[in-house]
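A.B. asks: okay, predicted coordinates and the sequence, questions at the end:
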Amino acid sequence: MPVERADIPLCEVKITLRDTEPEPWRRVRVSAGITMDRLHAVIQRAMGWTDSHLHEFEIRGKRYGMVLNDPFDDDPPADERKVRLIDVVGPKMRFIYRYDFGDGWEHEVKIERVIEPSVDLKTPVCLAGEFACPPEDCGGVPGYEELIAILAGPDSEEKDEMLAWIGAPFDPLAFDIAAANKRLARLKRGFENR
């Protein structure tokens, strides 16, 4: 088990899904020593995504992501497992997190505060948020807008089909912080403040 360190600060990070109406957002607290692949896991769980697609970060014009060993990729991203948040960002910085290159979800990630180190942070925690994350594979922003319009409209066969596809009622204005923190609590290994 890794040794906990009390000298690495914590970051309060706001993640906002861009170009949607309404714009879902989450505020999370993480160790500044977290690696970018682990930050990806935090974003997935806090937002409510299912980690079913590729992703990447763009920070100061440099890309960080999964190493795929694709011989056709002339410009692969840097290995996100080897880069810590504290090494690439500072207070008040903003950067981009992209998820599902087909649907093209783009999130703005902002470092809102850097706070005193703590050995009490065992897993990341969601402090606040608003609005539901779109369902996976709904077609990006245009598909999500269409989905919302259909669900808000009168009962119809198309509405029934959409509800069956989603698998449950969907409220774009809903956010359950307890559920987000339950998902985050499942992140165990490697999330200590180190």
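C.D. replies: Structure's in. What do you need?
A.B. asks: so the residue positioned nearest the centre of the chain, which state does it fall into?
C.D. replies: Centroid check for the chain by CA atoms, centre = their mean gives Ile43 as the closest residue, at 2.3 Å. Assigned with DSSP: H, G, I helix; E, B strand; the rest coil, Ile43 falls in the helix class.
A.B. asks: again with Phe72
C.D. replies: coil.
A.B. asks: can you count the residues close to it?
C.D. replies: As a burial measure, Phe72 scores 4 neighbours (other CB atoms under 10 Å). The way it works is simple: take the backbone N, C-alpha and C, and place the C-beta from them, glycine included.
A.B. asks: show the contacting residues for it.
C.D. replies: By CB atoms under 8 Å, 6 or more residues apart in numbering, the contact list for Phe72 is empty.
A.B. asks: let me know the pLDDT of it.
C.D. replies: Here the pLDDT value assigned to Phe72 is 77.
A.B. asks: quick one: it and Ala185, what's the gap?
C.D. replies: Phe72 is 39 Å from Ala185, where distance means CB to CB, to the nearest Å.
A.B. asks: Arg94 bridge partners, please.
C.D. replies: As for beta bridges, Arg94 partners with Lys110 under DSSP bridges.
A.B. asks: tell me the pLDDT of it.
C.D. replies: Arg94 is given a pLDDT of 97.
A.B. asks: dump the residue contacts of it.
C.D. replies: Counting by CB under 8 Å, 6+ apart, Arg94 touches Glu108, Val109, Lys110, Ile111.
A.B. asks: now the strands for this structure?
C.D. replies: Using DSSP state E, the strands of the chain run over 10-17, 25-31, 55-59, 62-65, 78-79, 94-99, 105-115, 125-130.
A.B. asks: okay, those in CSV with distance to Glu146 next?
C.D. replies: Listed next are those as CSV, based on distance: least, CB to CB, whole Å:
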stretch, distance to Glu146
strand 10-17, 17
strand 25-31, 22
strand 55-59, 24
strand 62-65, 29
strand 78-79, 36
strand 94-99, 20
strand 105-115, 16
strand 125-130, 22
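A.B. asks: what's the closest non-adjacent residue to Glu145?
C.D. replies: Excluding the flanking residues, the one nearest Glu145 by CB to CB, 6 or more residues apart in numbering is Glu21, at 7.4 Å.
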